[in-house]
Structures are given as C-alpha cells and as structure tokens.
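>>> Only the shape, not the letters, is given here:
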C-alpha cells in the first residue's frame, strides 16, 4: 500500500535456514507491527515496535526476531527455530490520517520447502 | 488480549442478497475497527466505531456498534461480486496493538 513496502512478495526457504522479510515505510510513523496469517486463523501478532530501538513480543514471537534500528525499517527474521513458518506475513503501520487504523503492506508469502 | 468472536466463519450468497457479519466480545470494548481483505490481497481499513450505539454508512455498507459496546455488525445491502473477500473486526488492545477476529469469508455467486 502507499507508503509501506514489503519485500519480497513470494519467498521459498529450505528447512533449517533463517530468512529475513523486509518492511519499509516512508510515512514517518512511529509504530510498526508484524502479523502472521494462516487460513482460518485470522491475524496473529508476532512483534511490534512503538519507537526506534525498542520492540515487544506479540502473541506468537517464538522462532522470530526483529530489529528497529531506523524509524522507516522493521525487518522480521524467521529463524530455523520456527516450527511451522509457512504463512502469509503482513507488516502494518498505525495510520493516524486513516482514522487511526492500520495500513498494511502487500505481504510476503513464505513457503518452506 | 480480549478476543473477539466473529460469526459466521463463511457465508455464501447470491448476488443481490444482503449479508451480515457479527463481532462479539465478552467484555466492553473501547472501539471496533473493520477491515476487508480481497482474495490474495492484504487487509484494508474500512472504518472505526467508538461511540455506544454508533451507526455509520459507506454506500451499501452499514456498520453498527452495540449499545453496550460488546458487539458490532457489518451489513452489506444487495451484494455484488466486488464484495467478495474476508471481513475482519478488530479492536485496540491495552498494549497499543490491534486484536483481530478470525474473519468472515464472503463469497458471492453471480
């Protein structure tokens, strides 16, 4: 979506490998979020960051790591410790202009082969 | 966080029929947000409701927040094939993040 970019769109990973998903925004928003989506499960929060150099675990943080070294970037690493990493990963920012809703990126579909 | 339950999980309608999805909580919510996700796409923010008994309309979509602020509904009048997708309700948790329901998947038969 405008102002928030996720890459790549599709990603294939071999079991045992770590992989990093990119999320970049140019809207100068403080808060950024990572969600995981599985069929029938809705969206589940992995990690979020309210400010640079600070982040908190969400409901399903095990097997994931993040960093927030710059305001515009919030990369997510899916580690080999994540037992079931195949999913659709969504990054979001809190958009005060859009009535305080989230603006989501277009997502990354990760498949472990 | 406080979970919200959405019903039904799936809804199949004939084009032109109405559609309603419900979002229920066991506790009082400060707000409700609704999102639409088209097949293969990402969720898109539709609206936020904050006041008890609030009703908002967007063309054929009507959003309601219950008087007790424990439930909400999204009603679509005369569905079209462009309405296909999954509709999620959500609310702001105490940690400053959105908590989502599992969604209602709508399919529309032309």
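Cool, got the structure. As the structure is a computational prediction, the values presented were derived from the model and not from experiment.
>>> was I right about residue A:61 contacting residue A:44?
No. Residue A:61 lies out of contact with residue A:44 (Cβ atoms under 8 Å); the separation is 10.2 Å. Where you see a C-beta, it was placed from the backbone N, CA and C, and this is true even at glycine.
>>> so what's residue A:4 bridging to?
residue A:25 (DSSP bridges).
>>> That one: what's it in contact with?
A:23-25, A:27, A:91-93, A:103-105 (Cβ atoms under 8 Å, 6 or more residues apart in numbering or on different chains).
>>> at 7 Å what do you get?
Residues in contact with residue A:4 (Cβ atoms under 7 Å, 6 or more residues apart in numbering or on different chains) are A:25, A:91, A:93, A:103, A:105.
>>> now swap in residue A:67 and tell me
Here residue A:67 is in contact with residue A:75 (Cβ under 7 Å, 6+ apart).
>>> related to what we said a few turns ago, of all pairs in the contacts of residue A:4, which one is the farthest apart?
The largest separation in those, counting by Cβ to Cβ, is between A:91 and A:103 at 9.7 Å.
>>> Look at those two and report which has more neighbours.
residue A:91 (28 against 22; other Cβ atoms under 10 Å in any protein chain shown).
>>> which phi and psi does the more buried one have?
According to degrees, to the nearest 10, the main-chain angles of residue A:91 amount to phi -100, psi 140.
>>> How about it, nearest residue that isn't a chain neighbour?
The spatial neighbour of residue A:91 that comes closest, neighbours along the chain excluded (Cβ to Cβ, 6 or more residues apart in numbering or on different chains), is residue A:23 at 3.5 Å.
>>> Run through the bridge partners of residue B:61.
residue B:58, residue B:76.
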